[in-house]
Structures are given as C-alpha cells and as structure tokens.
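In: pasting the sequence and the predicted model now:
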Amino acid sequence: MTSLPRGRAANGHHRRAVAALGAVSAGLLVLSACDKPTPLATITVGKSSVSSETDCYNDGKAVSSADLAKCLKAKDIKSIKVDPDDTVRFGVDPEIADNGWTILMNGQPLTDSSKKTYRTIPGSVFFNAQYGASGNSTLVSIKEGDKTVTGLWSFKLKKDA
C-alpha cells in the first residue's frame, strides 16, 4: 500500500473543500436572484376555490396609489361563482394576517381589519344593493395593511343562480 506524502493529501482535501464551498456559494447566488413569491389570498365557495398572488405587493412597504388603481382595473382578475345562499370563505397567508387585512367590496371596506388568517361572509352580501352591489358580479379585494396599503389581492365574484 502506497501512501501519499502528507503535503499532497492535505492539498487535495483542501481543493475539494474549496470546490464544495464554491458550489454552495454559486447555488445560494442563484437562489437569491429568484424573486420571492408574494403571499397568497384564497376564496373558497362550497367545493370551489381560487387563489391568487398579486402584482400589487410591496413586501411590507406602502403600495403607491397609482399602482393600486391599476390593480383594481386589471383584466386578469380571477373569478369564482357564488350562490347567494353559500358562505364565502376568505383565507390569507400568515404574512398578510400579521399586517392586518380588510375585505373590500367594489373598493369600499366591508369588514374591519383582522389579524386572523380566515374569515367567512354570507354570499348574499356580495349581491345586495345595501352593501353597494350592482348586477351579477362584484369586485372583492383583500387589502393588506392597517394604516397604509402594503398589498391588494382582487377577485371577481359572479352570481350563480
């Protein structure tokens, strides 16, 4: 059995350690280049649900009024059918709940701010003129933030007769 001189073995071990460290560093660099996904908001009605990330999110900082206006007018808002007799369940990621969130109907507050991750509202509310509804669809938004808006997730609720 031949053995390598001590200097060579240590040198080879050192090279492998440096190579491994380089690979880990490169992997972390690639991961840090990825955008962190925005938190999710979900609406569930019966057995159907729809979830959404949002373009109107600023990772805990205020979203500008201009960006909020754009988000409320977006064409690609996800929709879900709601029978007025059903219960509409709203769920948010804990990150949203920690900052406080409010349910808006057609841009107006429907609920007080909450730090819970889950809320329910009767489906009939979303098609009741008393609450500002008109027609067979309603824009519902989840607004993150108490004093300033730090995120906005919007959905279209369509009346299912």
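Out: Right, received. Where do you want to start? Owing to the predicted nature of the structure, the values given are computational and were not obtained by experimental measurement.

In: right, and residue 155 touches residue 77 too?
Out: Yes: between residue 155 and residue 77 there is a contact at 6.4 Å, judged by CB atoms under 8 Å. The C-beta positions use only the backbone N, C-alpha and C, and glycine is treated the same way.

In: list the buried residues of the helix or strand where residue 155 lies.
Out: Using DSSP states H and E, residue 155 sits in strand 151-159. Buried residues in strand 151-159, counting neighbours by 16 or more other CB atoms under 10 Å, are found at 151-155, 157, 159.

In: what's it packed up against?
Out: Judged by 3 or more CB pairs under 8 Å, 6 or more residues apart in numbering; DSSP states H and E, strand 151-159 is in contact with strand 41-45, strand 48-52, strand 56-57, helix 65-72, strand 78-82, strand 137-144.

In: who does it pair with, and is each partner parallel or antiparallel?
Out: strand 56-57 (antiparallel), strand 78-82 (parallel), strand 137-144 (antiparallel) (DSSP bridges).

In: now the second one: average pLDDT?
Out: Here strand 78-82 scores 96 as its mean pLDDT.

In: thinking again about what came up before, what would the buried residues of strand 151-159 look like in a markdown table with pLDDT and distance to residue 106?
Out: Formatted as a markdown table, the buried residues of strand 151-159 follow (pLDDT from 0 to 100; distance: CB to CB, whole Å):
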| residue | pLDDT | distance to residue 106 |
| --- | --- | --- |
| 151 | 94 | 18 |
| 152 | 95 | 13 |
| 153 | 95 | 15 |
| 154 | 93 | 11 |
| 155 | 95 | 12 |
| 157 | 95 | 11 |
| 159 | 94 | 14 |
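
In: hmm, back to that, and the angle for the strand holding residue 155 with strand 41-45?
Out: 20 degrees (axes from the mean of the first three to the mean of the last three CA atoms, to 10 degrees).

In: quick one: strand 151-159 to helix 65-72, angle?
Out: Going by the same axes, to 10 degrees, strand 151-159 makes 30 degrees with helix 65-72.

In: pull the residues that contact strand 151-159.
Out: Identification of contacts with strand 151-159 by CB atoms under 8 Å, 6 or more residues apart in numbering yields 38-39, 41, 43, 50, 52-54, 56-58, 63, 68, 71-72, 74, 77-82, 84, 88, 96, 99, 123, 126-127, 136-145.
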